[in-house]
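Asks: Sequence unavailable; structure follows:
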């Protein structure tokens, strides 16, 4: 609900309400964003539950699996092509994820739910092709009745945060509106500009941050196999990033030569 309020504020500042009306008049895009709203609800609810039940590292494992799912969806559904070094990086990352899973002995269902729900979210956002602010506004508007029902239920049970923890906690939860919306807006903008496969590999930064928070802030422990798995993943990221940088330089040189050629 606070994310929707934040999105409406952004629409007012950018005068983007017309873009939302355009989306509402397009049944196909509306359906894709409804699917995205369901996917992110499943993902975010599972993630919040995992944090609340002290399963932060297990949640990180799910987000380590997610980029592989995203890359697979990009290749299979959207017919995106990968270069040889990109395939090598994905293979190394897959080995790393497997090693981490063995090392954590994590519940497979938790990681799979997180991975496939966010992978589906990225695919649906890519297919919808709607700008970041109007797309997230429509998604959060879809979720408003669901959120309202949940709040009524917990309020009636006397377990709502404002009731049990006071207005200070309520203010923190309100601040989670933009904290939630900003990364999703950035993700939506990136999904419209980047191949899904590239977007998937870049997502390894998220579970890396979650993992570090797990071992530093929440006191989770890391065993030898997990460190080895992280070594594989960070190696894969280095390979993928280096390949992307080289490809960017080749593209820039080609563009420069084309501009320099006489008419």
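Replies: Received the coordinates, thanks. Because the structure is a prediction, the values reported are computed rather than measured.
Asks: can you map out the helices along the stretch 151-263 of the chain?
Replies: 161-165, 167-193, 196-202, 205-216, 224-260 (DSSP state H, counting those that start in this stretch).
Asks: quick one, the longest one and helix 205-216 angle?
Replies: Going back to what we said before, that points to helix 224-260. Going by axes from the mean of the first three to the mean of the last three Cα atoms, to 10 degrees, helix 224-260 is angled at 150 degrees with respect to helix 205-216.
Asks: Output the contacting helices and strands for helix 224-260.
Replies: Under the contact criterion of 3 or more Cβ pairs under 8 Å, 6 or more residues apart in numbering; DSSP states H and E, helix 224-260 touches helix 84-104, helix 196-202, helix 205-216. C-beta coordinates here come from the backbone N, C-alpha and C atoms, glycine included.
Asks: Can you check which of the helices of the stretch 151-263 of the chain gets nearest to residue 69?
Replies: Residue 69 lies closest to helix 196-202 among the helices of the stretch 151-263 of the chain, at 7.5 Å (Cβ to Cβ).
Asks: List the contacts of that closest one.
Replies: For helix 196-202, the surrounding residues in contact (Cβ atoms under 8 Å, 6 or more residues apart in numbering) are 66-71, 73-75, 78, 80, 82, 86, 89-90, 93, 119, 122-123, 126, 190-191, 194, 236-237, 240, 244.
Asks: Show me how to select, in PyMOL, the buried members of the residues you listed.
Replies: Buried residues within the contacts of helix 196-202, by 16 or more other Cβ atoms under 10 Å, are selected in PyMOL with:
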select buried, resi 66+67+68+69+70+71+73+74+75+82+86+89+90+93+119+122+123+126+190+191+236+237+240+244
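Asks: Deepest in the core, which of the helices and strands packed on helix 224-260 is it.
Replies: Of all the helices and strands packed on helix 224-260, helix 196-202 has the most neighbours on average by mean count of other Cβ atoms under 10 Å, namely a mean of 21.
Asks: Among the helices and strands packed on helix 224-260, which one carries the weakest average confidence?
Replies: Among the helices and strands packed on helix 224-260, helix 196-202 carries the lowest mean pLDDT, a mean of 72.
Asks: The helices of the stretch 151-263 of the chain: which one's closest to residue 15?
Replies: helix 167-193 (16.6 Å).
Asks: and the angle from the closest one to helix 205-216?
Replies: Using the same axes, to 10 degrees: helix 167-193 against helix 205-216 is 150 degrees.
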